[in-house]
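>>> model this:
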Amino acid sequence: MQRVHFIAIGGAAMHNLAIAISKKANFQVTGSDDEIFEPSYSRLKEHKLLPEKMGWFPDKIHSGLQAVILGMHATEDNPELIRARELNLKIYSFPEYLFQQTRSKTRIVVGGSHGKTTTTAMILFVLKQLNIDADYMVGAQIEGFDNMVKLSYDSRIAVFEGDEYLTSPIDRRPKFHLYKAHIAVLTGIAWDHINVFPTFENYVEQFRMFTELMEVQGRLIYFDGDDNLNAIAQKLRRDIVPFPYNTPEYEVIDGITYLKTKKGDVRLNIFGEHNLQNLNAARLACRQIGVTDEQFYSVIPDFSGASNRLQKIEETASSVAYKDFAHSPSKLKATVKAVRHQYPDKKLIACMELHTFSSLTEDFLPQYANCMSEADIAFVYYDPEVIKHKHLKEIQPEQVKQAFGGNNLSVFTDSNALQQKLRELNYDNSALLLMTSGNFSGVNLIDFAKELLNKK
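Residues are numbered from 1 along each chain as shown. Predicted structure coming up:
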């Protein structure tokens, strides 16, 4: 029996890994956390993995454990971590454990500042449709997959979303450095996580190091519209084979995007140039493991996207609403542009929340210049209490408005006031876009969009 204990089991990635491991034969999973929110709470409870009590309990750590997996939510002085170290137990971070479980498999790792979740989801969707078994880790729920992590004994392929954020409280390496890709995808580089990568040069260096850590004779698939990726590709190890990609040829007819291929037009459920670039990257990654372009194009039309990534949440006869995880400048700009081009004749109402450490940092705000300029009406919301919680310097609405620029934009610091303003608008012939990595301080975005688009 392999006994594995999770410190901070309630994290988005951690609870999915715990569920995945618990499904394997001869594995026994336990875990602890001091707070667990939805959907982690209900999912852990469903799989009988929810801790009986919240808090840290050193007596859960014993010499019979084969592995302790440490989540980012824990701190270095965590009582369970201290106990595990005293017993000299094997302590893994989330990515370390994934690597250990897939050492003998061909690993596809998708990295980049934006688009990595969608690209990973596309690869997994195509493999599933073609009955090709694969282990995986992806950062969002995908239709047809009951978990965000899968580990098995039989599959020969593993597909990982490669996050560049730190590995654990005791390991300051970026997560994607630990996966040692055989096949790597890099979608683009746009400065993020300034709390751990204080300069853009330092941030770019993490992606160069990622390519250095690839397995021998690896394949690097990269977006050649990115100058920094082009520079990295020019200095690859001699054994790594580069595969550049760009935006495929397409056209939009009556709100539907059609991909132009040698075999004819392919109607898609997704849209936006950034998504089409992701599709091209996924196609090239699948080709490396034997999937032909013809096979890829035969199933990709049914791909409808990953959760919270340009996800359609309401549609009426004249209007449509989407929600998206976009929060960084590059993601925000790409998402607004995609909806603008998909619905050129509709009024575009774009609303975003500054929620992350980087986005709420005064020195980072100028990176958002003109990110929402293609919207007809734009709103930016942030909660001053979140700034205090993150121990950041206070920012003023005037600073935010100046940083974004444009006469189409208003800034709110009160969620109720923002909601009231949105209720006052006319949504006839409109596209509503709600963008956040949070929830606008407690708003159910799906219900709210339905209310707005269906009001009398």
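>>> nearest spatial neighbour of residue 406, skipping sequence neighbours?
Nearest residue to residue 406 in three dimensions, chain neighbours excluded: residue 373, at 5.1 Å (Cβ to Cβ, 6 or more residues apart in numbering). (Each C-beta comes from the backbone N, C-alpha and C, glycine too.)
>>> need the contact list for residue 91.
Shown in contact with residue 91 (Cβ atoms under 8 Å, 6 or more residues apart in numbering): 67-70, 81, 84-85, 170.
>>> per-domain residue ranges of the chain.
When the chain is parsed with automatic domain parsing, its domains come out as 2-89, 97-302, 311-453.
>>> Do me a favour and average the pLDDT over the first one.
Right, the one you point to is domain 2-89. Average pLDDT, domain 2-89: 96.
>>> got it, and stretch 351-371?
Mean pLDDT, stretch 351-371: 93.
>>> before we move on, what about stretch 141-154?
88.
>>> ok, residues contacting that stretch?
12-13, 16-17, 19-21, 24, 98, 101-102, 121, 124-125, 128, 133-140, 304, 306-307.
>>> how long is it end to end?
23 Å (Cα to Cα, to the nearest Å).
>>> Check which residues of that stretch are buried.
141-142, 145, 147-152 (16 or more other Cβ atoms under 10 Å).
>>> for these, which one is nearest residue 185?
Among those, residue 142 lies closest to residue 185 (Cβ to Cβ), at 16.7 Å.
>>> ok, so what distance separates the closest one from residue 281?
16 Å (Cβ to Cβ, to the nearest Å).
>>> Show me where this structure dips below the pLDDT cut-off.
Applying pLDDT under 70 to the chain flags residues 456.
>>> quick one, longest helix in it?
Counting by DSSP state H, the longest helix found in the chain is helix 273-288.
>>> Identify all contacting residues around the helix or strand following that one.
Downstream of helix 273-288, the next assigned helix or strand under DSSP states H and E is helix 293-299. Helix 293-299 is contacted by residues 125-126, 129-130, 259, 261, 263, 266, 282-283, 286-287 when judged by Cβ under 8 Å, 6+ apart.
>>> Now do the helix or strand just after helix 293-299: which elements does it pack against?
Next in sequence after helix 293-299, counting helices and strands by DSSP H and E, comes strand 311-315. Secondary-structure packing of strand 311-315 (3 or more Cβ pairs under 8 Å, 6 or more residues apart in numbering; DSSP states H and E): strand 320-324, helix 445-453.
>>> Let me have the ones you listed in TSV, adding distance to residue 339 and mean neighbour count as columns.
Shown next, in TSV, are the helices and strands packed on strand 311-315 (distance: least, Cβ to Cβ, whole Å; neighbours: other Cβ atoms under 10 Å):
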stretch	distance to residue 339	mean neighbour count
strand 320-324	6	24
helix 445-453	13	18
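>>> wait, residue 315 sits on residue 346?
No: Residue 315 lies out of contact with residue 346 (Cβ atoms under 8 Å); the separation is 11.6 Å.
>>> So those two - more neighbours on which side?
Using other Cβ atoms under 10 Å, the more surrounded residue of residue 315 and residue 346 is residue 346, with 20 against 12.
>>> so how far is residue 340 from the more buried one?
9 Å.
>>> And residue 120, by the same measure?
Distance from residue 120 to residue 340, by Cβ to Cβ: 26 Å.
>>> more crowded one of these two?
Comparing residue 120 with residue 340 by other Cβ under 10 Å, the one with more neighbours is residue 120, at 30 against 19.
>>> What strand or helix carries that one?
helix 116-129.
>>> just checking, what packs against the helix or strand following that helix?
Moving toward the C-terminus from helix 116-129, the first helix or strand encountered (DSSP H and E) is strand 135-137. Packing partners of strand 135-137 (3+ Cβ pairs under 8 Å, 6+ apart): helix 12-22, strand 149-150, strand 157-161.
>>> switch the cut-off to 10 Å
The contact analysis (3 or more Cβ pairs under 10 Å, 6 or more residues apart in numbering; DSSP states H and E) places strand 135-137 against helix 12-22, helix 94-101, strand 106-111, helix 116-129, strand 149-150, strand 157-161.
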